[in-house]
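> Pasting a predicted model and its sequence here:
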Amino acid sequence: MNPMYAYRLNPQVPQNGPMQVIVIEPFVYEALRGLIGKRAVLDTTRGSVSGMVVDAKPDHVVIQEHDSTFYVRLCEIVWIMPES
């Protein structure tokens, strides 16, 4: 697997032992980084979330709407639509 898209969580585990990896969605991550400070609608496998994109990390995005803060895993996002 390309190291740009996954990384080892525990590098002390021997190479021949079990390895845990995290898959990164690079295009979704970059799209969300471009929306920081803007409003967007995210459709997820559990329903839609809308609000201000506060932060984007390689594994999740932070959406704030009024007094509520939502942490959405990138692997759960189906589509993203910026709001005008």
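Yep, that arrived.

> This structure: helices as residue ranges?
Under the criterion DSSP state H, the chain carries helices at the ranges 26-33.

> can you give me the strands for it?
Assigned by DSSP state E, the strands in the chain fall at 6-8, 21-23, 39-44, 47-56, 60-65, 68-73, 77-82.

> could those be laid out in JSON lines, adding distance to Leu32 and mean pLDDT?
Where C-beta positions appear, they are placed from N, C-alpha and C, glycine not excepted. Listed next are the strands of the chain as JSON lines, based on distance: least, C-beta to C-beta, whole Å; pLDDT from 0 to 100:
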{"stretch": "strand 6-8", "distance to Leu32": "19", "mean pLDDT": "52"}
{"stretch": "strand 21-23", "distance to Leu32": "16", "mean pLDDT": "71"}
{"stretch": "strand 39-44", "distance to Leu32": "8", "mean pLDDT": "97"}
{"stretch": "strand 47-56", "distance to Leu32": "4", "mean pLDDT": "97"}
{"stretch": "strand 60-65", "distance to Leu32": "5", "mean pLDDT": "97"}
{"stretch": "strand 68-73", "distance to Leu32": "9", "mean pLDDT": "96"}
{"stretch": "strand 77-82", "distance to Leu32": "7", "mean pLDDT": "96"}
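
> so which of those gets nearest Arg33?
With C-beta to C-beta as the criterion, Arg33 lies closest to strand 47-56 of the strands of the chain, at 4.7 Å.

> who does the closest one pair up with?
With DSSP bridges as the test, strand 47-56 is paired with strand 39-44 (antiparallel), strand 60-65 (antiparallel).

> Figure out which of the ones you listed is closest to Ser50.
Closest to Ser50 of the strands paired with strand 47-56 is strand 39-44 (C-beta to C-beta; 4.4 Å).

> and the direction of that closest one versus that of strand 68-73, what angle?
Here strand 39-44 runs at an angle of 50 degrees relative to strand 68-73 (axes from the mean of the first three to the mean of the last three C-alpha atoms, to 10 degrees).

> For strand 39-44, give me every contacting residue.
Applying C-beta atoms under 8 Å, 6 or more residues apart in numbering, the contact partners of strand 39-44 are 32, 48-53, 61, 63, 72, 76-83.

> now the strands paired with strand 47-56 as JSON lines including distance to Pro18 and mean neighbour count?
Conversion of the strands paired with strand 47-56 to JSON lines gives the following (distance: least, C-beta to C-beta, whole Å; neighbours: other C-beta atoms under 10 Å):
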{"stretch": "strand 39-44", "distance to Pro18": "29", "mean neighbour count": "17"}
{"stretch": "strand 60-65", "distance to Pro18": "24", "mean neighbour count": "18"}
